[in-house]
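K.L.:
After the sequence you'll find the predicted model.
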Amino acid sequence: MKNNSEWLKVVGAAVFEVMWVIGLKHAATMWEWLITVVAIIISFYVMISASTKLPVGTVYSVFVGLGTAGTVVADMVLFGEPFKLMKLVLVVILLAGVIGLKMVTKEAEVKGAS
């Protein structure tokens, strides 16, 4: 059960990744840049925290995959990026790869597992 909380950290870190990527593109004021920097710090701190208990390569791949998918969806929903079916299909394929990678990560590979 503890590993599930570590994976939730990775998902949370990916949410903050989406925030800071959006901030890098759209920040214009000092406060927006400050929020962007805080999101970067939180994102990487939480991801690194999760990687102390989970396999680093899998954590990073899931983090980047979820962040990429989230950024693409956020661009379409929040900023009027044109909807393209092929882009959505590719995001779904990316997410399938991320979920598959997480599923094939054996419990024995997880640090601290018995």
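P.N.:
Looks like it arrived, so ask away.
K.L.:
in this protein, what spans have low per-residue confidence?
P.N.:
Counting by pLDDT under 70, the ranges of the chain that qualify are 1-2, 107-114.
K.L.:
Please name the nearest non-neighbouring residue to the residue nearest the centre of the chain.
P.N.:
If you average the C-alpha coordinates of the chain and look for the closest C-alpha using Cα atoms, centre = their mean, you land on Ala14, 2.4 Å from that point. Leaving out its chain neighbours, the residue that sits closest to Ala14 by Cβ to Cβ, 6 or more residues apart in numbering is Leu66, at 3.6 Å. C-beta here means a position set from N, CA and C on the backbone, and glycine is covered the same way.
K.L.:
Tell me the backbone dihedrals of the one you found, please.
P.N.:
As for Leu66, its main-chain torsions (degrees, to the nearest 10) stand at phi -70, psi -40.
K.L.:
surely it meets Val11?
P.N.:
Yes: using Cβ atoms under 8 Å, Leu66 is in contact with Val11, at 6.4 Å.
K.L.:
So the two - more neighbours on which side?
P.N.:
With other Cβ atoms under 10 Å as the criterion, Leu66 and Val11 differ in neighbour count, and Leu66 comes out ahead with 21 against 14.
K.L.:
With Val15 as the reference, measure out to the more buried one.
P.N.:
Computed as Cβ to Cβ, to the nearest Å, the Leu66 to Val15 distance reads 8 Å.
K.L.:
Need the overlap of contacts for these two.
P.N.:
Jointly contacting Leu66 and Val15 under the rule Cβ atoms under 8 Å, 6 or more residues apart in numbering is no residue at all.
K.L.:
Can you report how many residues lie near Val21?
P.N.:
Residues within reach of Val21, counting by other Cβ under 10 Å, total 20.
K.L.:
What helix or strand is it located in?
P.N.:
Take DSSP states H and E as the rule and Val21 turns out to sit in helix 2-26.
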